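> Return atomic coordinates for the entry below.
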Amino acid sequence: MQHTTNTSHIIFFCLILLCLFHPAVANVEKEIFIAPAPPKLLENSIGSHLPELMPSEHCRNCRAIRTRLDTSFVGKGKQHWVRIDGLEDGRRYEVRICWAATQPTDFTLDLFAPDKVLTEPSLLEQIQKYPSHISSVRSEGSTLYLRVFAKTAYVSSSTSRMQNPEPVDVDIILDPYIFNLVPESLLKVIGMIVIVAVSSWWLGGWIHNALLGFASLTKLQTGGKKDT
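Below you'll find the model as predicted:
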């Protein structure tokens, strides 16, 4: 019973250390969604000039975009668009935007299906007017359009800085879910926790046996001195 208690304490201590040594270096805003059915041919041609995200099975380096987004103090902020391609119908995904805490910014994320864009002239116009980017070859699967508003979240005494706020460096990441339960990016963390737990169980047993041996040896030595 004592061995089990000691092992539990060690596992708990190691998990706390794991959390403490995992640095929090960025802010995160995210949207979790279920991929819709694939669009029709006409719908699939919308926004072919937009920057693009897609799962890694379609493109090795397309799950993340590292870029710099303009910001604004006005309204919700500066508007940006990203096209998400190659989604598996019915699968859960997470799209998130990460930025440094040293660049105070408020982000608003919205997702639109192609049919929604076609029925909303204002959305279609916003997408068509967005600056062109180099995009990869389209892949089979569902498509969604991500709208990002970047609003400056600081106040400065500098007039020029208030009129022309600095852009913010961001990572926009697409993260598929495993069995629609856990984001793929958490697999490494789960693996690390399992390794720590198993190692702690083995280490706890070894320390427990070592302490028992040391205690027994000390008791024998003490008893021998009393006899003499």
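> Surely Arg161 is in a strand?
No: counting by DSSP: H, G, I helix; E, B strand; the rest coil, Arg161 is not part of a strand but helix.
> per-residue confidence at it?
At Arg161, the pLDDT value in this model is 84.
> Okay, it and Tyr154: tell me how far apart.
Noted for Arg161: a distance of 9 Å to Tyr154, by Cβ to Cβ, to the nearest Å. C-beta here means a position set from N, CA and C on the backbone, and glycine is covered the same way.
> swap in Leu109?
With distances taken as Cβ to Cβ, Leu109 is found 20 Å from Tyr154.
> between the two, who's got more neighbours?
Leu109 (16 against 13; other Cβ atoms under 10 Å).
> how close does the more buried one sit to Ile46?
Distance check for Leu109 against Ile46: by Cβ to Cβ, it reads 19 Å.
> mind checking which helix or strand of this protein has the lowest mean pLDDT?
Lowest by mean pLDDT, DSSP states H and E among the helices and strands of the chain is helix 2-20, with a mean of 49.
> Now stretch 165-184 - C-alpha only, PDB.
C-alpha atoms of stretch 165-184 as PDB (Å, rounded to 0.1, in the frame of the first residue of the first chain):
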ATOM      1  CA  PRO A 165      -0.600  50.200 -36.100                       C
ATOM      2  CA  GLU A 166       2.100  47.600 -36.700                       C
ATOM      3  CA  PRO A 167       1.100  44.300 -38.300                       C
ATOM      4  CA  VAL A 168       1.100  41.200 -36.200                       C
ATOM      5  CA  ASP A 169       3.100  38.000 -36.800                       C
ATOM      6  CA  VAL A 170       0.900  35.000 -36.700                       C
ATOM      7  CA  ASP A 171       0.700  31.200 -37.300                       C
ATOM      8  CA  ILE A 172      -2.600  30.000 -38.800                       C
ATOM      9  CA  ILE A 173      -2.800  26.200 -38.200                       C
ATOM     10  CA  LEU A 174      -5.200  23.500 -39.300                       C
ATOM     11  CA  ASP A 175      -5.300  20.600 -36.800                       C
ATOM     12  CA  PRO A 176      -7.300  17.400 -37.700                       C
ATOM     13  CA  TYR A 177      -8.900  15.400 -34.900                       C
ATOM     14  CA  ILE A 178      -8.100  11.700 -34.300                       C
ATOM     15  CA  PHE A 179     -11.400   9.800 -34.300                       C
ATOM     16  CA  ASN A 180     -13.100  13.200 -33.900                       C
ATOM     17  CA  LEU A 181     -12.000  13.200 -30.200                       C
ATOM     18  CA  VAL A 182      -8.400  14.600 -29.800                       C
ATOM     19  CA  PRO A 183      -6.400  17.000 -32.000                       C
ATOM     20  CA  GLU A 184      -3.400  15.500 -33.700                       C
END
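> out of everything not next to it in sequence, what's closest to the residue nearest the centre of the chain?
The residue lying closest to the centre of the chain (Cα atoms, centre = their mean) is Arg96, at 5.9 Å. Closest residue in space to Arg96, ignoring its immediate chain neighbours: Lys30 at 3.5 Å, by Cβ to Cβ, 6 or more residues apart in numbering.
> tally of neighbours for the one you found?
Lys30: 14 neighbours (other Cβ under 10 Å).
> cool, and Tyr177?
Neighbour number of Tyr177 under other Cβ under 10 Å is 16.
> Over to the one 3 residues further on?
Counted with other Cβ under 10 Å, residues neighbouring Asn180 total 11.
> so what's it up against?
Counting by Cβ atoms under 8 Å, 6 or more residues apart in numbering, Asn180 touches Arg91, Arg92.
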